[in-house]
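> here is my input; please provide its structure:
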Amino acid sequence: MKVRAHVFISGRVQGVFFRYATLEEAKARGVCGWVRNLPDKRVEAVFEGEKEAVEEMIAFCHRGPPAAKVTKVEVHWEEYKGEFKDFYIRY
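Here you go, the predicted model:
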């Protein structure tokens, strides 16, 4: 089953390669969508794909790359749209 999750990650998540690690994890799982830094120091991401793969991405967001210190992950489940063909970093 295909799903979509809109995620906001708080903590020490900028300047620690969070976006690049998310990109690599998503591509490895066949998840589409995007990730970006927000001005308030959070990271925002949208994941679309098979439910299990999207849940794995959310689990990754709770850990992040080695230098990250995640304090909060907000997940908003949305209707699957299938609008992405790949995963990318938004600027």
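> dump the residue contacts of the most centrally placed residue in the chain.
With distances taken as Cα atoms, centre = their mean, residue 45 lies nearest the centre of the chain, 4.1 Å away. Counting by Cβ atoms under 8 Å, 6 or more residues apart in numbering, residue 45 makes contact with 6-7, 9, 22, 33-36, 57, 61. The way it works is simple: take the backbone N, C-alpha and C, and place the C-beta from them, glycine included.
> how near is it to residue 64?
11 Å (Cβ to Cβ, to the nearest Å).
> what does residue 87 give?
Plainly put, residue 87 is 16 Å away from residue 64 if you go by Cβ to Cβ.
> who has more neighbours out of the two?
residue 87 (25 against 22; other Cβ atoms under 10 Å).
> is that one in contact with residue 29, as I believe?
No - applying Cβ atoms under 8 Å as the test, residue 87 and residue 29 come out as separate, 9.1 Å apart.
> circling back: just the contacts of residue 45: which are in strands?
Among the contacts of residue 45, the residues falling in strands (DSSP state E) are 6-7, 9, 33-36.
> thinking again about what came up before, tell me the spacing between the residue nearest to the centre of the chain and residue 75.
Counting by Cβ to Cβ, the separation of residue 45 from residue 75 is 10 Å.
> ok, residue 2 next?
Going from residue 2 to residue 75 by Cβ to Cβ gives 16 Å.
> could you do residue 39 as well?
Counting by Cβ to Cβ - residue 39 and residue 75 are separated by 21 Å.
> for these two, indicate the residue with more neighbours.
Each of residue 39 and residue 75 has its neighbours counted (other Cβ under 10 Å); residue 75 has more, 15 against 5.
> for that one, give the beta-bridge partners.
Beta-bridge pairing for residue 75 (DSSP bridges): residue 7.
> at which residues are the helices of this protein located?
18-29, 51-63 (DSSP state H).
> out of the ones you listed, which comes closest to residue 91?
helix 18-29 (9.5 Å; Cβ to Cβ).
> list the buried residues in the closest one.
Applying a neighbour-count criterion of 16 or more other Cβ atoms under 10 Å, one finds 18-19, 21-23, 25-26, 29 buried in helix 18-29.
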